[in-house]
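>>> My questions concern the predicted model and sequence given below.
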Amino acid sequence: MSDESPKALLELALEMAREAVALSHGWQRAKDVSFKRDGSVVTALDRAIQELIVSRIAERYPGHGVCAEEKLSKPEAHAPLKSARFVWVIDPLDGTRNFALGFPCFATAIGVLDRGVPVAAVVHEHNLDAAYYATRGGGAFRDGQRISVFDPGDKDEFLLGVPSTKDAQTVTLIRHWAGISRIITRNVGVSNVHLALVAYGGLAAAYNKRAKIWDIVPGALLVTEAGGRITDPFGKELVPFDVTADPDRDVPFLCGAPRAYEWILASIRENVRQS
């Protein structure tokens, strides 16, 4: 029986993410670019990386479930999501639109849930070759160095990660934050990288209204293991994650270092009516 400890799960995730980065370096430009029903972009590289990852999981852990952004080619090779204790949540290429348009920021993100609770995760940004990773209770790291969130003081400037979406709630909030001198908004177009940067201390907080489950599960563990908080934008807990719900549903989130999280949470509650 294969080792199912968080350490063993992370070792496999790191190995697969490194292989994904090596695979992408052989692609000079996006190939076979197409659009999905929701308007998001998919390329041949997304599919190639996902196939690499899910085939390895099926080989090593046939009793585990897989929840991935792209359609599984062999769903029967994995355990059903409703019955599997361990579920791998995979975004093979988070930031596909960046890749397709030549903007050098995209990542392979892999998280493992144990009954809905994140226990191992890696977010590997391809262009900087930077691997952020964590295990539950084991801390968060970037390339072997332990990382932690940055919590600004009451008068310090800080960076806030915001999404690309233009829904009414997001537009309202970004306009509000743009009017506060100490808040500087940033968007690299990659949800899991925003989460990794919160864990690393580059961003003090990050918000997203229309993330999918694979946009958040890998990065969520990085944030909490680095000393931060992550909930929905109104403070409701997200863990345990439900992988059996509609995969196309939005999973909005707010995360950050403790004080920054509380400041942004208060501003959301003041400016947006909860539905």
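Happy to help now that I have it.

>>> can we go C-alpha only for contacts and neighbour counts from here?
Noted.

>>> check contacts around E69.
Residues near E69 by Cα atoms under 8 Å, 6 or more residues apart in numbering: I90, D91, P92, W214.

>>> how about the helices in the stretch 151-275 of the chain?
With helices called from DSSP state H, counting those that start in this stretch, the stretch 151-275 of the chain shows them at 168-178, 191-200, 217-225, 258-271.

>>> out of those, which comes closest to S73?
Nearest to S73, of all these, is helix 217-225, at 22.0 Å by Cα to Cα.

>>> Mind listing residues that contact the closest one?
Contacts for helix 217-225 (Cα under 8 Å, 6+ apart): 89-90, 109-112, 118-123, 132-140, 148-149, 192-193, 195-196, 198-199, 229-230, 241, 255-256.

>>> any idea how far it is from the chain center?
On the basis of Cα atoms, centre = their mean, to the nearest Å, helix 217-225 sits 8 Å off its chain's mean C-alpha point.

>>> between that helix and helix 191-200, how big is the angle?
Helix 217-225 runs at 10 degrees relative to helix 191-200, counting by axes from the mean of the first three to the mean of the last three Cα atoms, to 10 degrees.

>>> out of the helices of the stretch 151-275 of the chain, nearest to G161?
Smallest distance to G161 across the helices of the stretch 151-275 of the chain (Cα to Cα): 6.1 Å, for helix 191-200.

>>> now the strands: where do they sit in this structure?
34-35, 41-42, 65-68, 86-94, 107-114, 117-125, 130-135, 139-142, 145-146, 158-161, 183-186, 205-208, 229-231, 253-256 (DSSP state E).

>>> which residues are contacting the fourth one?
With Cα under 8 Å, 6+ apart as the contact definition, strand 86-94 has outside contacts at 20, 45-47, 49-50, 64-69, 81, 106-116, 190-192, 213-215, 217-218.

>>> which stretches of the stretch 1-150 of the chain have low pLDDT?
Applying pLDDT under 70 to the stretch 1-150 of the chain flags residues 1, 28-39.

>>> The same query, at a cut-off of 80, please.
Along the stretch 1-150 of the chain, the model assigns pLDDT under 80 to residues 1, 26-42.

>>> Let's have the contacts of E69 in JSON lines, adding distance to E237.
Below are these laid out as JSON lines (distance: Cα to Cα, whole Å):
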{"residue": "I90", "distance to E237": "21"}
{"residue": "D91", "distance to E237": "22"}
{"residue": "P92", "distance to E237": "26"}
{"residue": "W214", "distance to E237": "17"}
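
>>> How about the contacts made by Y132?
Y132 neighbours (Cα under 8 Å, 6+ apart): V122, V123, H124, A140, F141, R142, D143, A196, L222.

>>> out of everything not next to it in sequence, what's closest to it?
R142 (4.4 Å; Cα to Cα, 6 or more residues apart in numbering).

>>> in terms of contact, does the one you found touch A130 like I think?
Yes. Using Cα atoms under 8 Å, R142 and A130 qualify as a contacting pair, with a distance of 6.9 Å.
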